[in-house]
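> Sharing a sequence plus its predicted fold:
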Amino acid sequence: MTSPTGSFEFGIPCSTSRITSHRDADQYQNETLGRLRSDSEVSNITEKFLAHGTLLDATNSLFQDGLESSNHTRTLLQDIGDDVAVLRQEFDEIKLVVQEIIEGMENGLRKI
């Protein structure tokens, strides 16, 4: 597939003809954008739009950081929960050993 060349139909308000070259269309677009950029009201709106875009980007970045931190915290809490479960199991085992020691000491004292 080849790209179009030559002229195409493009309605430029100041044009007397409906057939306009790419170069004329580009020139019209650049001139129009230049006028819009020089217009202080449009410039202010553009600056506000860019500022809002920057603010949205920053907010999104903070949200992503918060989400990542939340996921990290969730993982840490799961690890802590797993550690607590292991400690409970070890505590129960130690408790059984201590009970056996106490029973052994009581049996030894009964023999005396």
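Looks like it came in fine.
> how far does the helix or strand harbouring residue 46 sit from the chain's center?
Assigned by DSSP states H and E, residue 46 falls within helix 40-111. Put simply, helix 40-111 sits 20 Å off its chain's centre (Cα atoms, centre = their mean, to the nearest Å).
> average pLDDT for it?
Throughout helix 40-111, pLDDT has a mean value of 89.
> OK, contacts around residue 96?
Under the criterion of Cβ atoms under 8 Å, 6 or more residues apart in numbering, residue 96 has no neighbours. No exception for glycine: its C-beta is placed from N, CA and C like everyone else's.
> now it: how far from residue 89?
11 Å (Cβ to Cβ, to the nearest Å).
> With residue 25 as the reference, measure out to residue 109.
Using Cβ to Cβ, we find residue 109 at a distance of 106 Å from residue 25.
> Between these two, which has more neighbouring residues?
Per other Cβ atoms under 10 Å, whichever of residue 109 and residue 25 has more neighbours is residue 25, with 16 against 8.
> Let me know the pLDDT of the more buried one.
The per-residue pLDDT reported for residue 25 equals 76.
> give the contact list for residue 86.
So residue 86 contacts nothing (Cβ under 8 Å, 6+ apart).
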